[in-house]
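Colleague: Provided below are the primary sequence and the corresponding predicted coordinates.
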Amino acid sequence: MDKKDVLIGILAIVTVGLAGGLGYIIIANPLSGGTTTPVLNQGLPDDWSTAPNSSILKLYDVHGVEYNITIGEILDGVQVYLDDLEADSLSEWKNYYELTTIQDPISGQYVTGVNILDILEEKGIYFAGDLEFETEDSVSREIHTADIITKSYAKKGKTYFVLVLAINQEWLQYSPYYASMGNFSIMGLDPNDNFYNFNQVTVMNNWTIDINVNGTIEFSLDAWDLIQNPYTAVYRVDSTTGWGANRQYWGKNVSEIIAMTSANVEPDYEVVFRSADGFTTPSTKWGELPYNKSEVEIGMYNNGTHVIPRSDDDYVNGTSTTGVPIPATDLIMNLAWKIQELGETYDGIADDAWPVPKILSYFSGPFNVQIPGRDRSSYAKWVTEIIIDF
């Protein structure tokens, strides 16, 4: 996981543009007018004993199983996050209810809440596709978790997707905006995402990965199929500079997936992986060639002979001019959904080993292509499409 990801718990204060007439239940921006209170610490009221803990959001998984999510339960998760944040002990293997605060530049109101994806993870719903948000009046909207991921976690252009808990350090249910926003509302940088006064979220289907062969989607793989009978391996590379790998992963080898396609019988083919945020590996927009059949089925090395490094990142113990190529391995590309770091390093500094494996879920999954023989910067999270050409 990128070192920048270690900072996942840092409070985000971002400027949000909220125009009128963009809500689904109300016509005007409910935050217009009024005074503001500076956000101190983490954006929630100082007195949590007054929280509307019994307010319930109904969540249905893809099988129709019902979960009643209370504000109190969410705040319990937030407390764990804040405790670890204060102790400087945020752990990458844990799932957190992270807080985000956004500000409406029109009214100056501060909005604080959590990500709906964190709630899914806490309930063990790791592979959701489309989500439907519905009000008591049966007004609904759908959004794919891939879109929420992009809004929440992408390197550039975050627009955020906040399940509102408080406005100006006042619980939403006790604020002047409750009449319009109800117990549960979503707000973010893109006003078209705002959806107010809903009480139910339903997982409509699973995450899928499109298998695109010569410009045509031959089929899509459902998450359920991708997690069955996983292949597992440990990949380790020691390095004094940059990333030193030491992880076990579980997933489906990419060669197994391509074996299902019409490309399987071809003497050669090219492969590119595309993520929800538009990232691709290899980085073809920077001139890198697609992966070939040998690299997919045999590995980045052929009979122990190192293939010329694909990029300047694919070196250890130094740069492309001072280091050496990443050592040979017979491990092949894997579409992983679960990982356990066993004590990885960055610039020679070791991270703690994870005590348990982690299902990657939405922060770095649900599917993350592991490419032994390459630097982690060439791995791809949030994979939505495998593009094959021959």
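Modeller: Received it, and whenever you're ready, just let me know what you need. All values reported here derive from a predicted model rather than from experimental measurement. Numbers count the residues shown, from 1 in each chain.
Colleague: okay, domains of this structure per the record?
Modeller: Here the domain assignment for the chain is 3-203, 208-389, based on automatic domain parsing.
Colleague: now the ones you listed in JSON lines, with mean pLDDT?
Modeller: Formatted as JSON lines, the domains of the chain follow (pLDDT from 0 to 100):
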{"stretch": "domain 3-203", "mean pLDDT": "84"}
{"stretch": "domain 208-389", "mean pLDDT": "96"}
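Colleague: how about JSON lines for those domains, with mean neighbour count added?
Modeller: All C-beta atoms are positioned from the backbone trio N, CA, C, and that covers glycine. Listed next are the domains of the chain as JSON lines, based on neighbours: other Cβ atoms under 10 Å:
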{"stretch": "domain 3-203", "mean neighbour count": "18"}
{"stretch": "domain 208-389", "mean neighbour count": "17"}
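Colleague: give me the phi and psi angles of the spatially closest residue to Gly77 that is not a sequence neighbour.
Modeller: Nearest residue to Gly77, sequence neighbours excluded (Cβ to Cβ, 6 or more residues apart in numbering): Tyr97, at 3.5 Å. Main-chain dihedrals, Tyr97, degrees, to the nearest 10: phi -90, psi 90.
Colleague: which residues in the protein form helices?
Modeller: Secondary structure of the chain, counting by DSSP state H: helices at 71-86, 116-122, 145-153, 178-181, 223-226, 254-258, 293-297, 361-364.
Colleague: mind putting these in CSV, distance to Trp382 included?
Modeller: Shown next, in CSV, are the helices of the chain (distance: least, Cβ to Cβ, whole Å):
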stretch, distance to Trp382
helix 71-86, 22
helix 116-122, 12
helix 145-153, 6
helix 178-181, 30
helix 223-226, 13
helix 254-258, 16
helix 293-297, 20
helix 361-364, 8
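Colleague: out of these, the one nearest Val62 is which?
Modeller: Smallest distance to Val62 across the helices of the chain (Cβ to Cβ): 8.9 Å, for helix 223-226.
Colleague: alpha carbons of that closest one, as CSV, please.
Modeller: Provided in CSV are the C-alpha atoms of helix 223-226 (Å, rounded to 0.1, in the frame of the first residue of the first chain):
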residue,chain,number,x,y,z
ALA,A,223,-17.0,-10.9,-7.7
TRP,A,224,-18.4,-14.1,-6.3
ASP,A,225,-16.8,-16.1,-9.1
LEU,A,226,-13.5,-14.3,-8.7
